[in-house]
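S.K.: I'll drop the sequence and a predicted model, then ask my questions.
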Amino acid sequence: MSTLKPKFLKPETDDAITDSAGHEEAAATSFVFNTNHNLGLQEQRERLPIRKYRDQILYCLEHHQVLILVGETGSGKSTQVPQYLYEWGWHTKGLIGITEPRRVATLTLANRVAEERGELIGATVGYVVRFMERFTAETHIKFMTEGILLRELLADPLLTQYGVIIVDEAHERNMLTDLLLGLLKKILRKRSNLKLIISSATIDASFFAEFFSWPGADQPISIKLTIEGRMHEVNHYYVNEPCADYVRETVETAWKLHQREPPGDILAFLTGQDEVLEARDLLQEYIASTETANLKVLPMYGSMSSTDQLSVFFTAPKGMRKVVLATNIAETSLTIPGIVYVIDSGYVKLKCFNPSTCSDSLVIVPVSKASAIQRAGRAGRLRPGKIFHLYTRQDYDALAPRQPPELRRSELSAAVLQLKALGIKNILRFDFPSPPPAKNLLAALELLYALNALDVDGELTQPVGYLLAELPFSAMLSKMLFVSGQLGCAEEIITIIAMLQVQSVFSRPASAAAQQMGRIAHRHFEVAEGDLVTLLNVHSAFVEAGMTKEFCGQYYLIYRNLKRACELREQLLNLIRRKYGIAIFSCKGDVELLCKCITAGFFTQVAYLHHSGVYRQISSGVELAIHPNSTLYTLPAAKYIVYGELLQTTKLFMNQVTVIRQEWLTELAPHYYQQTTVRD
DNA sequence: GAGCACTGC
């Protein structure tokens, strides 16, 4: 093997991985902790801790169908194992496929492996993600996102092209990971020549081993990879008595720490913005009560503007200690330098699907052991650190090992469509790694039946069911798009869908004055029909103004998200033109037609105005409120509205609200509404 | 009058 170190990214490949978002992500989830950076690439490979497991991995794969690789991120397994397999000749038995949960990691890993091999990407090593691929006839090592492999299953249900599949980061237990693992189990039973490698954190290894055991099969084998010198030691401290108010306790602990401990910054984990700001104010009071104010308090949460977020990354002035009060954003998403002490409140906010109202609840729950360990790790990056858990040692021992996997707490219509499209007849009996509650599955089946995607026997319908299974949006959005093709306004509906796929385009500044200015600016786009048509207006105005940053500044819009929506819109238009027979016409300003399309997608989520002045869910009579972020919050209440999502916090709040007429319900969804009498 | 954090086809 050569040890040359050329730079071989094609220009377009380079583009793909050097967009700014990509770099942040690559830095955050970096898989190299590289003390050998001045050595040749092959020499570096030889020195990786994983190298000494190579023969063992290859031997085990010869003798077992399933191999579970245990080792935290940083062991080099994502880049090395595919190469070991290739060098040993596994590629002669089919493709070596590696699935990743995220796009950026997919591109980064593929590029890294190609570079180590001294090749161009798209030769032996390639990747496929949505809208982008470097994959040729010579490619033997294929990195891809999980969604891509799931889509490939539709065309090739036994994955006959593949000889080995590596599911990377399986411990994250995303919805797609779990679907994939369930389906791979079925395939392994039919294809004894297919091998599966699951890369997992320690905590889940035995779980996966058990899931992939069945009568007559050889038992999965686990290999534990050790990683050297990654972290400093962190000492754990617990409270003796449970504390009544963890926000106050956080503040007091931070203050005591500051008095007693040698220099080093403090990071505290709370559950939400309110708590972070409350803790900040309390801590400021402590500081104000002393003469030496050598403590700098910094809040950190998701809805802060990116410039405000930046301030936590600066070192505190000389002689000062920094205290960062953060939500879960600091647990995995970003790494704050200089942290030596961590305070763990013991709680986290978690989103959970509630099938009885088809809403999501945002609830405060105790953290899992995995989270507590992750939080502790934040103290050991610089030098040996300390973590202070605001709960007792007994409470720690009683914590759940991990948070329930996403599939168990999510709306499942997309998952059900996918499984149905793969010919799984009885979804309730499908072998999920962790089966979701039956009620959640039934809610999804009922919704899909109402949308006419499933027939009475639970089979996908033609064309609606198959279309909804194929389109990369939620079932309701896809149905809306389907109807818009028939009614002649798909162009506008695609814009709305693209705008709904990105994070909010409305900027909400931190200061009260700026917030007020923002609200006034946003009125410019608001219409009485509601939030979805308002999004369409924002898009049109942005395009008309030449898609400039200045326009976004003037109207308090987030340029990055808006630009992304425009790109997505183009890609979706291409996709729909190319693959699906949806006619793309403009309604040319006929807003009523748009609202009808919206109704055709969201008719199961209707609220009517009760004479008492509150909204009620039409199906259940449950009381609902319009979310204060909605356009319709300040406008006179309409009699009937549809909503895009329902979130339970202090109340059941409706988001993405659109005004409709009652008669549209019987016109557009007669099968659903003919029997319903509206309570008034 | 209210906003845990992400990601994917």
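M.R.: Nice, thanks for sending it over.
S.K.: so what's the backbone phi/psi at residue A:385?
M.R.: Here is the backbone geometry of residue A:385 (degrees, to the nearest 10): phi -130, psi -170.
S.K.: so it is in contact with residue A:338, correct?
M.R.: No. Under the criterion of C-beta atoms under 8 Å, residue A:385 is not in contact with residue A:338, lying 10.8 Å apart. C-betas here are computed from N, CA, C, even on glycine.
S.K.: those two - which one has more neighbours?
M.R.: Remark: of residue A:385 and residue A:338, residue A:385 carries more neighbours, 22 against 19, as counted by other C-beta atoms under 10 Å.
S.K.: got the confidence number for the spatially most central residue of chain A?
M.R.: Of all residues in chain A, the one closest to the mean position by C-alpha atoms, centre = their mean is residue A:174, 8.0 Å from it. At residue A:174, the predicted lDDT confidence score is 92.
S.K.: pretty sure it is touching residue A:101, no?
M.R.: Yes. Under the contact definition of C-beta under 8 Å, residue A:174 touches residue A:101, with a separation of 5.4 Å.
S.K.: shared neighbours of the two, anything?
M.R.: For the pair residue A:174 and residue A:101, residues contacting each of them under the criterion C-beta atoms under 8 Å, 6 or more residues apart in numbering are residue A:146.
S.K.: and the closest residue to residue A:243 other than its chain neighbours, what does it touch?
M.R.: With C-beta to C-beta, 6 or more residues apart in numbering as the measure, residue A:249 is the residue that lies nearest to residue A:243, at 4.2 Å, once sequence neighbours are left out. Contact partners of residue A:249, counting by C-beta under 8 Å, 6+ apart, are A:239, A:243, A:345, A:390.
S.K.: count of neighbours near the third one?
M.R.: With neighbours defined by other C-beta under 10 Å, the count for residue A:345 comes to 25.
S.K.: next, the nearest residue to it once chain neighbours are set aside: phi, psi?
M.R.: Of all residues beyond its chain neighbours, the one nearest residue A:345 is residue A:246 (4.4 Å), with distances taken as C-beta to C-beta, 6+ apart. Reported as degrees, to the nearest 10, the phi and psi values for residue A:246 are phi -70, psi -20.
S.K.: what is the burial count for residue A:246?
M.R.: For residue A:246, the tally of surrounding residues (other C-beta under 10 Å) stands at 25.
S.K.: what separates it from residue A:256, distance-wise?
M.R.: 15 Å (C-beta to C-beta, to the nearest Å).
S.K.: excluding its backbone neighbours, what's nearest the residue of the stretch 51-200 of chain A found nearest DNA strand B?
M.R.: Taking C-beta to the nearest atom of the strand as the measure, the stretch 51-200 of chain A has residue A:147 as its residue closest to DNA strand B, at 2.5 Å. What sits nearest to residue A:147 in space, not counting adjacent residues and going by C-beta to C-beta, 6+ apart, is residue A:176, at 5.9 Å.
S.K.: the one you found: what secondary structure?
M.R.: When the structure is reduced to helix, strand and coil (DSSP: H, G, I helix; E, B strand; the rest coil), residue A:176 reads as helix.
S.K.: quick one: residues contacting it.
M.R.: So, once contact is read as C-beta under 8 Å, 6+ apart, residue A:176 ends up touching A:101, A:146-147, A:150.
S.K.: so which of those is the most crowded?
M.R.: In these, the most neighbours by other C-beta under 10 Å go to residue A:146, 24 neighbours.
S.K.: wait, that residue touches residue A:100, no?
M.R.: Yes. Look at residue A:146 against residue A:100 with C-beta under 8 Å: they come within range, at 7.2 Å.
S.K.: and the stretch 501-650 of chain A, which residues reach DNA strand B?
M.R.: By C-beta under 7 Å from any atom of the strand, the residues of the stretch 501-650 of chain A that approach DNA strand B are A:501, A:508, A:515, A:519, A:627-629, A:633, A:647, A:649-650.
S.K.: reformat those as JSON lines; add distance to residue A:450 and neighbour count.
M.R.: Converted to JSON lines, those look like this (distance: C-beta to C-beta, whole Å; neighbours: other C-beta atoms under 10 Å):
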{"residue": "A:501", "distance to residue A:450": "23", "neighbour count": "17"}
{"residue": "A:508", "distance to residue A:450": "35", "neighbour count": "16"}
{"residue": "A:515", "distance to residue A:450": "39", "neighbour count": "14"}
{"residue": "A:519", "distance to residue A:450": "36", "neighbour count": "14"}
{"residue": "A:627", "distance to residue A:450": "24", "neighbour count": "21"}
{"residue": "A:628", "distance to residue A:450": "29", "neighbour count": "8"}
{"residue": "A:629", "distance to residue A:450": "27", "neighbour count": "13"}
{"residue": "A:633", "distance to residue A:450": "28", "neighbour count": "15"}
{"residue": "A:647", "distance to residue A:450": "21", "neighbour count": "16"}
{"residue": "A:649", "distance to residue A:450": "27", "neighbour count": "13"}
{"residue": "A:650", "distance to residue A:450": "29", "neighbour count": "7"}
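S.K.: show me the strands in the stretch 551-680 of chain A, by range?
M.R.: Listed in chain order, the strands found in the stretch 551-680 of chain A under DSSP state E, counting those that start in this stretch are A:606-609, A:615-617, A:623-626, A:640-648, A:652-660.
S.K.: what residues does the single nearest residue of the stretch 151-300 of chain A relative to DNA strand B make contact with?
M.R.: Using C-beta to the nearest atom of the strand, the point where the stretch 151-300 of chain A gets nearest to DNA strand B is residue A:272, with a distance of 3.2 Å. Contact criterion C-beta under 8 Å, 6+ apart gives A:301, A:327, A:349, A:364 as the residues in contact with residue A:272.
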